[in-house]
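# What follows is a predicted protein model with its sequence.
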Amino acid sequence: MTTIDHAIVLGGSIAGLLSAAALARTADRVTVVDRDVLLLDGPEATLSRRGVPQGDQVHHLLSLGHQRIEDLLPGISEELIELGCERYDDVADFSQFVAGAWRMRVRSDLIVTMFRRPVFEWALRRRVLALPNVEAVKGMAVGLLGSEDRSRVIGARVRGVPGGELRGDLVVDATGRGSRSPYWLEDLGYARPEERHVRIYMGYSTYTVRLPEGALPKGLAGISVSATPANPFGVAIRPCGNGLHDVAAYGMAGNYPPEDFAAMEGFFEGLNSPIIAQVLKKATVTSEIVPYRMPGNQRRMWEDLDRRPEAFVVVGDAVTSFNPIYGQGMTMAALGATVLGDTLEKAGSVTGVAGAVQAELGTLAQVAWDLAVGSDSVYPQSEYENAEPPSARDKDRARAQSAAQSAEGTVRVAVRATALYMDPSFLEAPAVREVVDRWLETGRVPDASAGDPLDPPAVTEGYVGSADLLLGRVV
Ligand SMILES: Cc1cc2nc3c(=O)[nH]c(=O)nc-3n(C[C@H](O)[C@H](O)[C@H](O)COP(=O)(O)OP(=O)(O)OC[C@H]3O[C@@H](n4cnc5c(N)ncnc54)[C@H](O)[C@@H]3O)c2cc1C
């Protein structure tokens, strides 16, 4: 096992905090650097902060990320519930209206936890910064320090700390999508990583509401009406803790939702189902609308560098950032931290760790990328820069998803599990593949006449375990 004296993590959001937790197992000392003060106490500690402009947008955590975070910070799931976050079965208790039809509901093991992102980040922060060997400092990272022969990173240039620099045995970049580290690397004499983009130009307008008892159809914790290429606007209403719900209005392919309440009512009326307008008529608004626009999926190919300095690793959105509708970012952050921690523990020295971490993270990022890009590709306006449109197989997957409102609980659970575990092998389970192949052969499309847009289906009898699908226990 490698032991290191001092690890420096640039960025103290989800990827940075989780990486610090993972590094604290092998490093004597971990310093987390953020341009914001990372508050632990007081009412502002659980509010959105400047360095994370997406903080007020709805954030749902995939099951894979949740598992990894629980491994890194045991007990965090229960702490979230104590903080008022809400847990429910994402297949049975959440209804989705997609492409003109409701997806069926069945009890499953796909339990998700919903929260407001600043509360979640604070819950992680107070756990990580309570570790005896982790400390946070305020500062702006502006570059890397190289060894004399520039073969190794030996620290970071940080504005705002005494001496303007921090020195350590390992530097981790977790500064997010806008990370400058490709240029920092160039300053040390290395090539920048190749960048890939699949742009879908999407926008959110998010606010919170209190819904009275009975506003949502019976038994539902939340509801969504999805965008389609024919009507590129959608809304998701999801619990966000302490009895409140996030209303996330969104638009795809350069179509943006309104940014003021006056225009919202008309917007809801124009969705693929009038149910959102109906539910929200009963809501009490508890926040302003916070808009956010972003171009789409961005990937930096850190794993493909021919030459890299030792002791410098990049994680989180600084590696890959996706169309957020698929909720993959925090999970990739958790995977990055896990791979980093595990690789360091197994390695005999820091040398070689950077290349090994980026390679493994690249493989995981490719899976997430294919899922996101496969789904975005249904919009003909998607723009591909340095990236291939999805393969026929990925398009099949996207079509299987669109057929998931069928009465076959196995397919419904497999589709959701693929997203929540970022693992397409659920769709390859024989019990699922057989049905999906039949649909694809017969050119099946969702049956838009199957249900009333104002009446989500009841929960079907029975239970489908996603784990059983992979083990072949469902036939
Ligand atoms: C609209 C929207 C909705 C989203 N919804 C979801 C969702 O539902 N589920 C999900 O999993 N993900 C979602 N994401 C993605 C998610 O926000 C990120 O993947 C997640 O925050 C992990 O990012 P990160 O820690 O790498 O970077 P960030 O969260 O962006 O944090 C970067 C940190 O680095 C600091 N920093 C930046 N530059 C410097 C510097 N030079 N020096 C010092 N500090 C610096 C910042 O202050 C900040 O704390 C969404 C994103 C957007 C934009």
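It's in.
# Show me this structure divided up by domain.
The chain breaks down by automatic domain parsing into domains covering 4-77+118-196+297-373, 84-115+199-295, 392-470.
# now the ones you listed in CSV, with mean neighbour count and mean pLDDT?
All C-beta spots, glycine's among them, are computed from the backbone N, C-alpha and C. Shown next, in CSV, are the domains of the chain (neighbours: other CB atoms under 10 Å; pLDDT from 0 to 100):
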stretch, mean neighbour count, mean pLDDT
domain 4-77+118-196+297-373, 20, 97
domain 84-115+199-295, 19, 96
domain 392-470, 18, 80
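# Residue 465 and residue 110 touch, don't they?
No: the criterion here is CB atoms under 8 Å, and residue 465 misses it with residue 110 at 9.2 Å.
# Mutual contacts of those two, please.
Counting by CB atoms under 8 Å, 6 or more residues apart in numbering, the contacts common to residue 465 and residue 110 are residue 413.
# List, one by one, the residues from the protein near the ligand.
10-16, 33-36, 51-52, 54, 57-61, 140-141, 174-176, 204, 292, 294, 316-318, 324, 327-331, 333 (CB under 6 Å from any ligand atom).
# What about those, which are in helices?
Taking DSSP state H, the ones among the residues of the chain next to the ligand that sit in helices are 14-16, 329-331, 333.
# In the helix or strand that contains residue 384, which residues are buried?
Residue 384 is part of strand 383-385, with elements assigned from DSSP states H and E. Neighbour counts over strand 383-385 (16 or more other CB atoms under 10 Å) mark residue 384 as buried.
# neighbouring contacts of it?
196-200, 296.
# Ramachandran coordinates for the residue nearest to residue 47 when sequence neighbours are not counted?
Take residue 47 and drop its neighbours on the chain: the residue closest to it by CB to CB, 6 or more residues apart in numbering is residue 118, 5.4 Å away. Here is the backbone geometry of residue 118 (degrees, to the nearest 10): phi -60, psi -30.
# Let me see the contact set for residue 118.
46-49, 55-56.
# In these, find the pair that's most separated.
46 and 56 (12.2 Å; CB to CB).
# can I assume residue 16 is in contact with residue 316?
Yes: counting by CB under 8 Å, residue 16 touches residue 316, with 7.3 Å between them.
# Quick one: classify residue 427 as helix, strand or coil.
Using DSSP: H, G, I helix; E, B strand; the rest coil, the structure places residue 427 in helix.
# And it, how far from residue 414?
Remark: distance between residue 427 and residue 414 (CB to CB, to the nearest Å) = 5 Å.
# same question, residue 55
Taken as CB to CB, the span from residue 55 to residue 414 is 33 Å.
# One more: residue 454?
Relative to residue 414, and taking CB to CB, residue 454 is found at 28 Å.
# Residue 273 too?
24 Å.
# before we move on, what about residue 139?
Counting by CB to CB, the gap from residue 139 to residue 414 is 46 Å.
# what does residue 360 give?
Residue 360 is 26 Å from residue 414, by CB to CB.
# cool, residue 97 as well?
20 Å.
# Kindly report the same for residue 439.
Taking CB to CB, one finds residue 439 at 13 Å from residue 414.
# what do those two both touch?
If you check residue 439 and residue 414 against CB under 8 Å, 6+ apart, no residue is contacted by both.
# Parallel or antiparallel, list what pairs with the strand holding residue 384.
Applying DSSP bridges to the sheet, strand 383-385 is found paired with strand 195-210 (antiparallel).
# what's the next secondary structure element after the strand it pairs with?
strand 222-225.
# which stretches of this protein form helices?
Using DSSP H, helices in the chain cover 14-23, 63-72, 76-82, 117-128, 181-187, 261-269, 275-280, 329-346, 353-376, 392-402, 409-420, 425-428, 430-441, 466-470.
# out of the ones you listed, nearest to residue 458?
helix 409-420 (13.1 Å).
# the inter-axis angle of that closest one versus helix 329-346?
Between the axes of helix 409-420 and helix 329-346, defined by axes from the mean of the first three to the mean of the last three CA atoms, to 10 degrees, the angle is 70 degrees.
# Does residue 268 touch residue 283 like I think?
No: with contact defined as CB under 8 Å, residue 268 does not count as touching residue 283 (10.9 Å).
# For stretch 20-35, measure first residue to last.
16 Å (CA to CA, to the nearest Å).
# repeat for stretch 229-247
Terminal-residue distance, stretch 229-247 (CA to CA): 21 Å.
# quick one: it to chain centroid distance?
16 Å (CA atoms, centre = their mean, to the nearest Å).
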